[in-house]
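Engineer: got a structure for you, letters missing:
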């Protein structure tokens, strides 16, 4: 019998990688034979967390069906975010904190979703419900995921449960929450080695809004000037990509992860309307967004209202 | 703000009705304002359970969106088994023990599914996880659902968790599990007031098998002669319905709920193959199926293999 594979979504972030590891540890403690794997390379932030707690990065798979018949999904459920041959294997379990869509099974399964900020907050509850002890390195990885998903508890996606979990896990992991959190977030923000295309698109999504295609990228930094100093290079790349890919409006949200503010760089004919959506003035194609850190909760809704 | 409505599937059985009541009680204890409702009339079995523990049958709704914006689903998730206007309301939570299909949300939600025999087995765990006490009448309804879904712990769908839950709940409810279970199952088996169409179709599903349409109905009794005495009437009705509805093979499984055996009455050109599927002889269009109680786990698979 081959091992059950456990993995998070494509283009994995810290929660996707670590929840595979922490959920696999739980399942193995409960008697299953599982292995945590990944659908892509770890980011610098995730690698920092793994190094801190002495854990190897999971091996990367491009197919599941060639080595197993059974899988468990963490931090995602939608087929297009999963392994390409997800339809050829049996999904035994899902732990997730996203909407449910494009997901279907032939058989009953374990499905555990809660509307919290981080998958690991749910996994922590499952350790407790099953009376499984949490080793220091597992606590450290869970904590890192919560810090990453909630930008150190400051994102509007953060719930009371995430906050409580983070405090409890910091104690088990033996780290000071605020200090470790800042170091972890910093580790994921080095943009100096990235070209304009990577900065714009490493974390970008298209949104249809009132007939327009609006592309919104987000990049985390500890110093917004890293990005603002490269504004002209970024605007030129936005112009080229908008032309080539039928994008009507391109917005890059640069988020200061330590101070929880953002600056947007905007390209496109309707750029003035982006400023209007936030009741602001556009100055040299940039827009200050005080207190904004969440694309999903703080950027998309005002733009949808403006263009909708 | 209108109340959150909680309901089970259409053509509700005991688990669908009672899990709405027991989950609503839990949610209200946790501070939500919810009401348990139903998508159809209670069966005689369910009414027996409600009467035993002094609980009113939930009111029946035919629309959700006209009175609320938010709902919770129990014992189902597929849209076609739910309220007709399910797409017009927001699903806040699902507790279920079936496969997931035709289900999708715009937002993160609470989704709790486990591959156990009864939804109330999962709800019992949620009471404990949230430290909410279980009153006697709630325990009685949960117990009734487990007995109903597992045919007094004898169905192959019954898990260790269901069995443990039933024993614990019988104690809280103050009833003797075996004696109460038999009375409950008996209460749902009165076929004397049903015509042939009701006996055939009250719990029947079509299965496509190797180019044929196979319709399999199931009826629970305490004395199989109740049904066998009406064999000719039932075969005549099967013939008429097969002709009218393009059914190639009609199988009625009559299950003795106290002794956990079944007898099948078979109509259709390929009826001999049904006997073959079970390595048996067909005698006067009937077939003894010793130890068979579950259509899903014990009847459909051998037929699928035969006609596959």
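Structural biologist: Structure's in. What do you need? Values in this document were obtained by computation on a predicted structure and should not be read as measured data.
Engineer: for residue A:254, give me phi and psi.
Structural biologist: Backbone geometry at residue A:254, expressed as degrees, to the nearest 10, gives phi -100, psi 120.
Engineer: need the contact list for the residue of the stretch 201-308 of chain A found nearest chain B.
Structural biologist: Ranked by Cβ to the nearest Cβ, the top residue of the stretch 201-308 of chain A for proximity to chain B is residue A:296, at 10.2 Å. Heads up, the C-betas are built off the backbone N, CA and C, glycines and all. For residue A:296, the contacting residues are residue A:157, by Cβ atoms under 8 Å, 6 or more residues apart in numbering or on different chains.
Engineer: distance from the chain centre to stretch A:14-33, please.
Structural biologist: Its chain's average C-alpha position is 18 Å from that of stretch A:14-33, according to Cα atoms, centre = their mean, to the nearest Å.
Engineer: ugh, wrong one, stretch A:73-82
Structural biologist: Relative to its parent chain, stretch A:73-82 has a centroid offset of 13 Å by Cα atoms, centre = their mean.
Engineer: quick check: closest non-adjacent residue to residue A:277.
Structural biologist: Leaving aside its sequence neighbours, residue A:277 sits nearest to residue A:306 (Cβ to Cβ, 6 or more residues apart in numbering or on different chains; 3.7 Å).
Engineer: how near is the one you found to residue B:277?
Structural biologist: 63 Å (Cβ to Cβ, to the nearest Å).
Engineer: over to residue A:76?
Structural biologist: Using Cβ to Cβ, residue A:76 is found at 40 Å from residue B:277.
Engineer: quick one, which of the two is more surrounded?
Structural biologist: Between residue A:76 and residue B:277, counting by other Cβ atoms under 10 Å in any protein chain shown, residue A:76 is the more crowded of the two (25 against 17).
Engineer: was I right about the more buried one contacting residue A:82?
Structural biologist: Yes. Using Cβ atoms under 8 Å, residue A:76 makes contact with residue A:82 at a distance of 6.2 Å.
Engineer: element containing the residue nearest to residue A:277?
Structural biologist: Using DSSP states H and E, residue A:306 sits within helix A:300-307.
Engineer: just checking, what packs against that helix?
Structural biologist: strand A:204-209, strand A:212-221, helix A:271-277 (3 or more Cβ pairs under 8 Å, 6 or more residues apart in numbering or on different chains; DSSP states H and E).
Engineer: dump those into TSV; add mean pLDDT as well.
Structural biologist: Output for these, formatted as TSV (pLDDT from 0 to 100):
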stretch	mean pLDDT
strand A:204-209	86
strand A:212-221	94
helix A:271-277	96
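Engineer: and the ones you listed, which is most packed in?
Structural biologist: strand A:212-221 (a mean of 21; mean count of other Cβ atoms under 10 Å in any protein chain shown).
Engineer: any idea how far that strand is from the chain center?
Structural biologist: Centroid displacement of strand A:212-221 relative to its chain, using Cα atoms, centre = their mean, is 14 Å.
Engineer: tell me the mean pLDDT for stretch A:122-129?
Structural biologist: In this model, stretch A:122-129 carries a mean pLDDT of 98.
Engineer: would you mind getting the angle between the helix holding residue A:306 and strand A:204-209?
Structural biologist: Inter-element angle recorded for helix A:300-307 and strand A:204-209: 40 degrees (by axes from the mean of the first three to the mean of the last three Cα atoms, to 10 degrees).
Engineer: any part of the lowest-mean-pLDDT helix or strand in chain A near chain B?
Structural biologist: Scoring the helices and strands of chain A by mean pLDDT, DSSP states H and E places strand A:204-209 at the bottom, with a mean of 86. No. Using Cβ under 8 Å from any Cβ of the partner chain, strand A:204-209 stays clear of chain B, with a minimum separation of 13.7 Å.
Engineer: list the contacts of the closest residue to residue A:295 other than its chain neighbours.
Structural biologist: Spatial nearest neighbour of residue A:295, chain neighbours left out: residue A:218 (5.2 Å); criterion: Cβ to Cβ, 6+ apart. If you count contacts by Cβ under 8 Å, 6+ apart, residue A:218 has them with A:203-204, A:252-255, A:295.
Engineer: show me what residue A:218 bridges to in the sheet.
Structural biologist: Residues in a beta bridge with residue A:218, per DSSP bridges, are residue A:253.
Engineer: secondary structure class for the nearest residue to residue A:257 once chain neighbours are set aside?
Structural biologist: Nearest non-adjacent residue to residue A:257, counting by Cβ to Cβ, 6+ apart: residue A:185, 4.4 Å away. Three-state call for residue A:185 (DSSP: H, G, I helix; E, B strand; the rest coil): helix.
Engineer: and residue A:178, by the same measure?
Structural biologist: What three-state DSSP gives for residue A:178 is helix.
Engineer: counting neighbours, what do you get for it?
Structural biologist: Neighbours of residue A:178 under the rule other Cβ under 10 Å: 12.
Engineer: residues touching it, list them.
Structural biologist: Residue A:178 sits next to residue A:152 when contact means Cβ under 8 Å, 6+ apart.
Engineer: ok, it to chain B distance?
Structural biologist: Note on residue A:178: its distance to chain B, by Cβ to the nearest Cβ, to the nearest Å, is 27 Å.
Engineer: that older thread, what about the residue nearest to residue A:257, distance to residue B:125?
Structural biologist: Distance of residue A:185 to residue B:125, given as Cβ to Cβ: 36 Å.
Engineer: got it, and residue A:11?
Structural biologist: Distance from residue A:11 to residue B:125, by Cβ to Cβ: 34 Å.
Engineer: just the closest of the contacts of residue A:218 to residue A:150, please.
Structural biologist: Distance to residue A:150, by Cβ to Cβ, is smallest for residue A:255 among the contacts of residue A:218, at 12.9 Å.
Engineer: for that closest one, helix, strand, or coil?
Structural biologist: For residue A:255, the secondary structure call by three-state DSSP comes out as strand.
Engineer: run a quick neighbour tally on it.
Structural biologist: Residue A:255 sits with 27 neighbouring residues when counted by other Cβ under 10 Å.
Engineer: now the one 3 residues further on
Structural biologist: Using other Cβ under 10 Å, residue A:258 is surrounded by 18 other residues.
Engineer: same check, this time on the one 4 residues further on
Structural biologist: Other residues lying near residue A:262 total 27 when counted by other Cβ under 10 Å.
Engineer: counting contacts, what elements does the strand or helix carrying it pack onto?
Structural biologist: If you go by DSSP H and E, residue A:262 is part of strand A:261-267. Helices and strands touching strand A:261-267, by 3+ Cβ pairs under 8 Å, 6+ apart, are helix A:225-228, helix A:231-245, strand A:249-256, helix A:271-277, strand A:286-289.
Engineer: what residues does chain A have near chain B?
Structural biologist: Within chain A, the positions near chain B by Cβ under 8 Å from any Cβ are A:97-115, A:125, A:129.
Engineer: same thing but at 6 Å, please
Structural biologist: Contacts of chain A with chain B, taken as Cβ under 6 Å from any Cβ of the partner chain, map to A:97-101, A:104-108, A:110-111, A:113-115, A:129.
Engineer: can you flag the buried ones in those residues?
Structural biologist: Buried subset of the residues of chain A next to chain B (neighbour count, 16 or more other Cβ atoms under 10 Å in any protein chain shown): A:97-100, A:104-105, A:108, A:110-111, A:113-115.
Engineer: just give me the closest of the residues you listed to residue A:27.
Structural biologist: Nearest to residue A:27 among those, counting by Cβ to Cβ, is residue A:110 at 10.0 Å.
Engineer: wait, what's in contact with that closest one?
Structural biologist: A:93, B:114 (Cβ atoms under 6 Å, 6 or more residues apart in numbering or on different chains).
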